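Peer 1: here are the coordinates; sequence isn't available:
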């Protein structure tokens, strides 16, 4: 049976979105999946990697916040903008492997991150703006499974190329091939019919803001831990455990393989069952820290893929459920802000704790525990406390945070005003002193 949403054939829409992620899986495995390995291979450490990520994520976070503040940008000429940023993200990987120049890498990766922010916002918009909650869960599960399946092919190709090609050209070939394959996914985007999203309604306010705040806080905290682990796990494996670079690529492969089964499993599970995924996320960094055998980290990565897939699905499914309160546009942009902000907040750990892997692992474990506490106490769908208690805790968290923010803003404003007044007084006294000395000079003539 074929369903229609406005002028959109839902079956065709889902097929094109699955094909888009199919090619994207190979593209990302050959580019983003090798990025940290490439940086380590040309001599950059955790500190420089963190700087690159910090600059690029700061730029993309600013862009996502601007989009959230002015959402009308993504509901005008939707298809044209979607295609341009989609293609741009893929092509910008090529310059950074033409030369290991730090400035070129920083500029290129910042461009990739900014383009990716737009792509993520548009992708979320077309999914949330076209499908209902059940449809979102269905397409999320299918896209995740297909993405991970095709990523396996990409990682196998990547491992082979990295292992057999000469060191001076292996990353140039893999990144270039990945970018060109990624253009095929752009073709799928160009075939979408997105006229129904032109001028999509943007709610002026947000109903039940405490629910959005609790879900966003949980998701940001969870993603910070995942992003932080992603920054230092490969360098730890290669520098401390002395694993070869193809073993580091295998880390991504193991994660991807486990995520395929996990995607199909979590897509249809009731939300209460996601408690297990959340609880098991803590096991990954603890095991990676305690087990010194590089080969064992492949199994740890597999568990990490299964648990983080479930935890991430929870956040996406909750926002799909809350669309009736926030609207498709706001929900899609919230995800973009969360993604960029979590990456931005993770990078300082890598910068300030460079080389101290024990503290990096400890920080990751602590952040994951905090994410679990937020979910189990403030999100009614997975909380271990009664639903009304969870809503109360969520409201308390929201109101206290708002009060704290307001007090911080007010204190900052008063501090700035006081500083300006003192500066003005100082300038006035200086002018009077200069005038006094000038008059004294004139009297002595």
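Peer 2: Right, received. Where do you want to start? A quick note: this is a predicted structure, and the numbers were derived from the prediction, not measured.
Peer 1: do you know how far the spatially most central residue of the chain is from residue 200?
Peer 2: The residue lying closest to the centre of the chain (Cα atoms, centre = their mean) is residue 339, at 2.9 Å. From residue 339 across to residue 200, the span is 21 Å (Cβ to Cβ, to the nearest Å). (Each C-beta comes from the backbone N, C-alpha and C, glycine too.)
Peer 1: tell me how many other residues crowd residue 275.
Peer 2: Using other Cβ atoms under 10 Å, the number of residues around residue 275 comes to 18.
Peer 1: my read: it touches residue 376, true?
Peer 2: Yes. Using Cβ atoms under 8 Å, residue 275 is in contact with residue 376, at 7.3 Å.
Peer 1: find residues that contact each of these two.
Peer 2: Counting by Cβ atoms under 8 Å, 6 or more residues apart in numbering, the residues touching both residue 275 and residue 376 are 382, 384.
Peer 1: and residue 111, how far is that from residue 105?
Peer 2: Distance from residue 111 to residue 105, by Cβ to Cβ: 11 Å.
Peer 1: burial measure for residue 348, as a count.
Peer 2: 12.
Peer 1: equivalent analysis for residue 225, please.
Peer 2: Residue 225 is flanked by 26 other residues according to other Cβ under 10 Å.
Peer 1: now do the one 3 residues further on
Peer 2: Neighbourhood size, residue 228 [other Cβ under 10 Å]: 27.
Peer 1: just give the closest residue to it, not the sequence neighbours.
Peer 2: Of all residues not flanking residue 228 in the chain, residue 346 sits nearest, at 4.2 Å (Cβ to Cβ, 6 or more residues apart in numbering).
Peer 1: count of residues packed around that neighbour?
Peer 2: Residues near residue 346, counting by other Cβ under 10 Å, number 26.
Peer 1: any buried residues in the helix or strand harbouring it, and which?
Peer 2: According to DSSP states H and E, residue 346 maps onto helix 328-352. Buried residues in helix 328-352, counted by 16 or more other Cβ atoms under 10 Å: 328-347, 349-351.
Peer 1: just stretch 137-153 next, same as before
Peer 2: Within stretch 137-153, judged by 16+ other Cβ under 10 Å, the buried ones are 137, 139-152.
Peer 1: same check on stretch 36-43?
Peer 2: Neighbour count says stretch 36-43 has 36-41 buried, by 16+ other Cβ under 10 Å.
Peer 1: that stretch - what's its average pLDDT?
Peer 2: In this model, stretch 36-43 has a mean pLDDT of 83.
Peer 1: other residues contacting that stretch?
Peer 2: Residues outside stretch 36-43 that contact it (Cβ under 8 Å, 6+ apart): 48-49, 52, 97, 100, 105, 162, 167, 171, 175, 230-231, 234-235, 238-239, 245, 248-249.
Peer 1: try 10 Å this time
Peer 2: 31, 34, 44-46, 48-49, 52-53, 96-97, 99-100, 102, 105, 109, 158, 162, 167, 170-172, 174-175, 230-235, 237-239, 245-246, 248-249, 251-252 (Cβ atoms under 10 Å, 6 or more residues apart in numbering).
Peer 1: buried among these? Make that a PyMOL selection.
Peer 2: In PyMOL syntax, the buried subset of the contacts of stretch 36-43 is picked out as below (16+ other Cβ under 10 Å):
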select buried, resi 31+34+44+46+48+49+52+53+96+97+105+109+158+162+170+171+174+175+230+231+232+233+234+235+237+238+245+246+248+249+251+252
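Peer 1: now, which of the contacts of stretch 36-43 lie within helices?
Peer 2: 34, 46, 48-49, 52-53, 96-97, 102, 105, 109, 158, 162, 170-172, 174-175, 230-235, 245-246, 248-249, 251-252 (DSSP state H).
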